[in-house]
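**Student:** below: sequence and its predicted model.
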Amino acid sequence: MISHLFARLKFVCLMVCMALISISCEEETPVPYTHVDFTVSIYSNNLVHVGNYEYFSGGVRGIVVYRLDMTTFYVYDRACPYDWEYGSYVEVDSVDNITLIDYDCGSTFNILNGYPMNGKATQPLRSYNAVMVDNVNLRIYN
């Protein structure tokens, strides 16, 4: 009986520690939370092809969606965490198609994780979730 209680206590302590570690490791962006929830057909825009991206309205300064492979989409708010309050936003670099650039402050971000690579920004872009609802429609939400 005591060993069973001790095992449960160890399990609960382990879960609490893991939760605290995951919370402390999250990078928060200064870009404010804005409700995002919409669905788009991947056939009505550039997202039908792997490696392409598309801009959408919504979020703070717009939303960019990048399709990595048949099932993986990366979604970010276009507001730069360094100077979002001044109206600055990121664009996909037309040279390599995998870098996001804020031409106002010079910051660049990796499109695969939203983290800054160069420039003044030190925090990641605000990311959103993306899931295929069926074979045609992509839901973007937070």
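**Tutor:** Alright, I've got the coordinates.
**Student:** from here on, contacts and neighbour counts on C-alpha atoms
**Tutor:** Fine.
**Student:** do a quick rundown of the strands in the protein.
**Tutor:** Applying DSSP state E to the chain gives strands spanning 37-41, 53-56, 63-67, 73-77, 91-92, 99-101, 108-110, 116-118, 127-132, 137-141.
**Student:** identify the residues contacting Val36.
**Tutor:** Residues near Val36 by CA atoms under 8 Å, 6 or more residues apart in numbering: 58-59, 128, 140-142.
**Student:** from Val131, how far out is it?
**Tutor:** 13 Å (CA to CA, to the nearest Å).
**Student:** need the residues touching each of these two.
**Tutor:** Jointly contacting Val36 and Val131 under the rule CA under 8 Å, 6+ apart are Ile140.
**Student:** centre-most residue in this protein?
**Tutor:** Using CA atoms, centre = their mean, the residue of the chain that lies closest to the mean C-alpha position is Ser127, 2.2 Å off.
**Student:** partners of that one in the sheet?
**Tutor:** On the basis of DSSP bridges, Ser127 is bridged to Tyr76.
**Student:** could you do the one 5 residues further on as well?
**Tutor:** Using DSSP bridges, the bridge partners assigned to Met132 are Leu138.
**Student:** in contact with it, which residues?
**Tutor:** Contacts of Met132 by CA under 8 Å, 6+ apart are 71, 138-139.
**Student:** let's see if you can find the most crowded of those residues.
**Tutor:** Per-residue neighbour counts (other CA atoms under 10 Å) across those peak at Leu138, which has 18 neighbours.
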